[in-house]
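# Provided below for reference: sequence and predicted model.
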Amino acid sequence: MHVTRPDAEPIFPSLRCFYTTYHATVDPSNPFYEFVFQSQLVHLQVTSVASVSNLLSYTDRSSNTLQSLHFIERSHNLHSGHYRELLTTIARLTCLTDLHIPSAFVPAVFQTLSSKTNLRHLGITQYPGEAHDEDHRILFPKDGFIHLESFTLQDFSPRPHDHFTIASAHHQLRTLHIELAKIELDDYRNYFMKISLGFPNMERLCIKSYTREHHWDPRNCLPAFGILEPLLALSNIRDFGFHTDIPFSLSDEEIDDIAQAWPQLEEFLFCKDALYTDVEGPELTLWGLISFAEHCPRLRTLTLPISAKIEPDLDPTETPSFNERFSYLNLAFSPIWGFSEELALCLAALLPNGAELTFEEGEGGREREDSHRVEDWCMMRSFVTSVVKERAAGSGDTIEVWESLPDEQDE
């Protein structure tokens, strides 16, 4: 039975979504895939194909139903004929709103895609090991992508900002996901300035950049505010994530500037995967967390490293708390030097009832074997959790609950 036969009976008549993993190749010679493509699909995502031409032609049956098409392929498997076939396919897919394509297609199809008024979500994918193509230039035209709401870009070239141009501000775009791998430290600011000017109404910004081993001594903690400062113009930011293993650092004053610039913030993640040494740790203290509590009334989650070595110089009874919808505080790979009652009290005071304190644990030997960080944070988390739970049960305020805990444990 072949999918193109008009008398073929669908085996999966109700199938609407089909996704493959990175290790699965869609091979048209396999009858299973013929049966799959007989269905009128709504969502199709494949990561490797034996024949790009066949994949594109097999979408004919779903031309009036397919809303999202995601596929990843290495550039050496693509040629000019595939570019023409993709344009023909997109013209047939009348319901298509979500498209993710390999970066090799960009020079040939990006300009045409900008005129597709039904396109809401666009992604450009790239294999990390592939060499950069100098013809790979992304230009957001002045009057293009008029309804585009989200854009995802993987760019593993050394200077990604040099071939990323936004002709004029695109006010409708709300979500941007960027993954970088070879960008130099000095170029971050230029890249962030370009996207802040080009997408001024952005609400969700996710940046992934794991490049530490290429550029610097991991014993050094690097200042980050100069890099991030252009993004503070994005006053509508609700979700911000900077995923990196680079040991960046922010001061309390800089975090205060960020919190005041982004009052709509609901989720904030910074350097979740970065390891810090006992010598060069993050500058941020508890005062930085308080800035989020004071200036971001909608905050639900907060992930960032602090220095637990610096004792907080504030009264826990006067420590402001996050709003009642706040759910968890993740202190990532924050260095710590033993248990601190003062810090534990202040952290418990910051957390509303029902919220959790957590941290990242080393995996794959990333931390020294003699490190006591995990043990110390486990003790801190245990005490903070006990205080928050007892306080929620009506056993008193933070201080009263804390004073009662030792007596309860002795019983």
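Yep, it's here. Because the structure is predicted, anything quoted here is derived from the model rather than measured.
# Only C-alpha atoms from now on, for both contacts and neighbour counts.
Noted.
# Sketch out the low-pLDDT regions of the stretch 151-300 of the chain for me.
Within the stretch 151-300 of the chain, the stretches with pLDDT under 70 are 211-222, 278-280.
# So which residues of it form helices?
188-198, 225-228, 252-261, 286-295 (DSSP state H, counting those that start in this stretch).
# For those helices, state which one has the densest average packing.
With neighbours defined as mean count of other Cα atoms under 10 Å, the helices of the stretch 151-300 of the chain peak in mean count at helix 286-295, which reaches a mean of 21.
# For that one, which helices and strands make contact with it?
helix 252-261, helix 341-350 (3 or more Cα pairs under 8 Å, 6 or more residues apart in numbering; DSSP states H and E).
# out of these, which comes closest to Phe35?
helix 252-261 (52.6 Å; Cα to Cα).
# tell me how far that closest one is from the chain's mean position?
Distance of helix 252-261 from the chain centroid (Cα atoms, centre = their mean, to the nearest Å) equals 21 Å.
# Arg137 is in contact with Val106, correct?
Yes: the criterion here is Cα atoms under 8 Å, and Val106 meets it with Arg137 at 7.3 Å.
# neighbour count winner among the two?
The residue with more neighbours, out of Val106 and Arg137 and counting by other Cα atoms under 10 Å, is Val106; that gives 20 against 17.
# For the top helix by length along the chain, report the contacting residues that lie outside it.
In the chain, assigned by DSSP state H, the helix with the most residues is helix 373-392. The contact list for helix 373-392, computed with Cα atoms under 8 Å, 6 or more residues apart in numbering, reads 335-340, 344-345, 347-348, 351-359, 361, 396-398, 401-402, 405.
# Mark which of the residues you listed are buried, thanks.
The neighbour count (16 or more other Cα atoms under 10 Å) marks 335-336, 339-340, 344-345, 347-348, 351-353, 355-359, 398, 401-402 as buried among the contacts of helix 373-392.
# just to revisit the earlier point, can I get the helices and strands packed on helix 286-295 in JSON lines including distance to His372?
Output for the helices and strands packed on helix 286-295, formatted as JSON lines (distance: least, Cα to Cα, whole Å):
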{"stretch": "helix 252-261", "distance to His372": "26"}
{"stretch": "helix 341-350", "distance to His372": "17"}
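# Which among the ones you listed is found nearest to Tyr19?
Among those, the nearest to Tyr19 by Cα to Cα is helix 252-261 (38.8 Å).
# From the contact counts, what lies against that closest one?
Applying 3+ Cα pairs under 8 Å, 6+ apart, we find helix 252-261 packed against helix 286-295.
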